[in-house]
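**Student:** Mind folding the following:
(one chain, ligands or ions: 2)
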Amino acid sequence: MPRATLFVFGDQLSAEVATFARDRSANLRVLMIDAHHLRQASRHPLRRALYGLAMRAYADELREAQVEVDFRSASSFSEGLREHLEEFLPERVLVHQPRGRRAERWCRDSGLEILPDPFFLTDPDWFSDLVARYPRVTLETFYRHQRRRLDFLMEGSEPSGGRWNFDQENRQPLPRDGGAWPEPWRQPLDDGERRWLAEEGLAHLAPALEYWPRTREHALHQLDDALERIVPFFGPYEDAASSFNWHLAHSRLSVALNLGLLHPREVAEGVETHYRAGRLPLASAEGFMRQVIGWREWVAAWHRRRPASYRRSNALEATRALPASWRQLDEHPMACLNAVFAHVREFGWAHHIERLMVLTNAATLAGYDPVSVNDWMAHSFLDGAEWVMEANVIGMGLFADGGVTATKPYVAGGNYLSTMTDFCRGCVFSPKERTGSRACPLTTLYWQFFVDQADVLTTVHRVAPIRRAALARADLPEIAARAPEARRLVAGEEASGPPSLSDATG
Ligand SMILES: Cc1cc2nc3c(=O)[nH]c(=O)nc-3n(C[C@H](O)[C@H](O)[C@H](O)COP(=O)(O)OP(=O)(O)OC[C@H]3O[C@@H](n4cnc5c(N)ncnc54)[C@H](O)[C@@H]3O)c2cc1C
Ligand code: SF4
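**Tutor:** Numbering: from 1, shown residues only. Ligands and ions are numbered 1, 2, ... in the order given. Predicted structure coming up:
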């Protein structure tokens, strides 16, 4: 009779956790709880479906490996745990380090013993030493130390190709003809998965779920496929976006990684192997490695050290409520927001540029309250999680931390979007116009942003020229007059004097 319980969260479906449980199966029972709060209406239904399928598949695999599993549906983790304790009377309940603060607090309050974190490459003590040497530890400093320490894309002590960064080669706009993009990996659902979805009233989600891994085997296939067919094209077009293609050359591995189905080490080792075998150009290998051992680990390491109050940072004093049309991912009059909402609605996912240059850009320019933007994104994305979103949404996307994460606000007007994407070609607004009824709402608000935030941005040197240019504009009164209408449009409201597609430039 097992004397201990290992509690496994839905984002801990990892091979390392399975090995831990298998090695102690004589003395350990696994507890998994499908908590009803995941069914809240504010959450994307695909999240509930994917987590439900992946957790059940993981439990089945553990059972096949002779691990006893208590899989429960409960209204909350607390209720599920209480029922488990009453039924099995374990002497101890263990859990691997939860990734979120709320989850960790719950574990501590509930008396769970927390085991070390097997989900990341970065040891917290190593990161503490780095912080002691470089108190702000920028991404670039962190990334170079990671490359050296982990020996990825290195030739002795020098980076492969003699440079740490190939960004110059990686800034290409979307090709004029839209480009030809590799079909994304997908795996049809099996009968058991379809049955469960039907029982839960989620059968309509099956087509979208095919694009996401539900098991470790799926995740390994997706990784191989991404390294062979997708990542080689990742570098050059990592800053592009399209209305007609939701994935371009993005690996979409964040979902498998955040569920725990893949370990970042496996991804980085795969990149290294493909690069050494000549199957992956260095610019793409470096750009992708930077995301996995750099960005992902950096935001997680900082998250562990930052106080809970970080998420309430609001350096730009943005207080407007997130509009209902955003929460519901409604159809939108602006082609860029319309396209990205559609991608999130259909697949529970959007790639980095859509998140940064469309969603948080528009939210920053419109002045939406950071916490509500952060929580909306966390609930809307299949890879959404507290530990990764705070730095990305509060820090990088909204500049709400005043420059702790990013060295400048990532804001852009229609001009930038029309260069890097094809969104503007199908839009009723004109990206170059700042004023008047056809003005792109983002272009108007972009210039207004530098006026409204002029004081806050005085110390942000990277935007000094654009701030000066904004304050010197002769058409500031007209921009200011157009700004309220632009905000209404970003909120998804009808234009007061609607422009029509026939007016739009090509
Ligand atoms: C506003 C905003 C919100 C975001 N929300 C999330 C989120 O909820 N969950 C999430 O995992 N990532 C988030 N990111 C980071 C990044 O956009 C996604 O990880 C990436 O788009 C996932 O697609 P991919 O797997 O194709 O990534 P790729 O571009 O193929 O990159 C490979 C992997 O690197 C990691 N990675 C890349 N960029 C980042 C980053 N900035 N921070 C952390 N990890 C990164 C991811 O695990 C990703 O799978 C967000 C970024 C922004 C700007
Ligand atoms: S013109 Fe402006 S609103 Fe329209 S798609 Fe381009 S950036 Fe978006």
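
**Student:** Within range of ligand 1, give me the residues from the chain.
**Tutor:** 250-254, 257-258, 288, 291-292, 295-296, 299, 351-352, 355-356, 360, 377, 381, 383-385, 388-389, 392-393, 396-397 (CB under 6 Å from any ligand atom). C-betas here are computed from N, CA, C, even on glycine.

**Student:** hang on, Ala481 in a helix?
**Tutor:** Yes - assigned with DSSP: H, G, I helix; E, B strand; the rest coil, Ala481 falls within a helix.

**Student:** Flag the shaky bits of the stretch 351-500 of the chain, pLDDT-wise.
**Tutor:** 497-500 (pLDDT under 70).

**Student:** go with 90
**Tutor:** 426, 494-500 (pLDDT under 90).

**Student:** Arg468: which element?
**Tutor:** Following DSSP states H and E, one finds Arg468 within helix 464-471.

**Student:** and that helix, what does it pack onto?
**Tutor:** Counting contacts by 3 or more CB pairs under 8 Å, 6 or more residues apart in numbering; DSSP states H and E, helix 464-471 is packed against helix 441-452.

**Student:** Convert the C-alpha atoms of the helix it packs on to PDB, please.
**Tutor:** Coordinates of each C-alpha in helix 441-452 appear next as PDB, following Å, rounded to 0.1, in the frame of the first residue of the first chain:
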ATOM      1  CA  PRO A 441      -6.200  53.900 -35.300                       C
ATOM      2  CA  LEU A 442      -2.800  52.600 -34.300                       C
ATOM      3  CA  THR A 443      -1.000  55.300 -36.300                       C
ATOM      4  CA  THR A 444      -3.000  58.000 -34.600                       C
ATOM      5  CA  LEU A 445      -2.500  56.500 -31.100                       C
ATOM      6  CA  TYR A 446       1.200  55.900 -31.700                       C
ATOM      7  CA  TRP A 447       1.900  59.600 -32.100                       C
ATOM      8  CA  GLN A 448      -0.500  60.500 -29.300                       C
ATOM      9  CA  PHE A 449       1.200  57.900 -27.100                       C
ATOM     10  CA  PHE A 450       4.500  59.800 -27.200                       C
ATOM     11  CA  VAL A 451       2.700  63.000 -26.300                       C
ATOM     12  CA  ASP A 452       0.700  61.500 -23.400                       C
END
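
**Student:** Pull the residues that contact it.
**Tutor:** Residues outside helix 441-452 that contact it (CB atoms under 8 Å, 6 or more residues apart in numbering) are 334, 336, 361-362, 364-366, 409, 411-415, 417, 429, 431-435, 457, 463, 466-467, 469-471, 473, 476, 479-480, 482-483, 485-487, 489-490.

**Student:** Could you tell me which of the residues of the chain next to ligand 1 count as buried?
**Tutor:** Neighbour-count burial (16 or more other CB atoms under 10 Å) is assigned, among the residues of the chain next to ligand 1, to 250-254, 257-258, 288, 291-292, 295-296, 299, 351, 355-356, 360, 377, 381, 383-385, 388-389, 392-393, 396-397.

**Student:** Mind checking which of these land in helices?
**Tutor:** Of the positions in those, Ser254, Leu257, Asn258, Phe288, Arg296, Val299, Met377, Val388, Met389 sit in helices, assigned by DSSP state H.

**Student:** Would you check that the third one makes contact with Asp383?
**Tutor:** Yes - Asn258 lies in contact with Asp383 (CB atoms under 8 Å); the separation is 4.6 Å.

**Student:** what's the nearest residue to Asp401 if we skip its chain neighbours?
**Tutor:** Ser313 (4.4 Å; CB to CB, 6 or more residues apart in numbering).

**Student:** Would you quantify the distance from that neighbour to Met334?
**Tutor:** Ser313 is 27 Å from Met334, where distance means CB to CB, to the nearest Å.

**Student:** wait, is Ser496 part of a helix?
**Tutor:** No - Ser496 is assigned coil when assessed by three-state DSSP, not a helix.

**Student:** Quick one: residues contacting it.
**Tutor:** The contact partners of Ser496, taken as CB under 8 Å, 6+ apart, are Glu485, Arg488.

**Student:** That one and Met420: what is the separation?
**Tutor:** Counting by CB to CB - Ser496 and Met420 are separated by 30 Å.

**Student:** Report the two of the ones in helices among the buried ones among the residues of the chain next to ligand 1 separated the most.
**Tutor:** Largest separation among those by CB to CB: Phe288 and Met377, giving 22.6 Å.

**Student:** Now the closest residue to Ala378 other than its chain neighbours: phi and psi?
**Tutor:** Excluding its sequence neighbours, the residue lying closest to Ala378 (CB to CB, 6+ apart) is Gly384, at 3.9 Å. When read as degrees, to the nearest 10, the backbone of Gly384 gives phi -70, psi 130.
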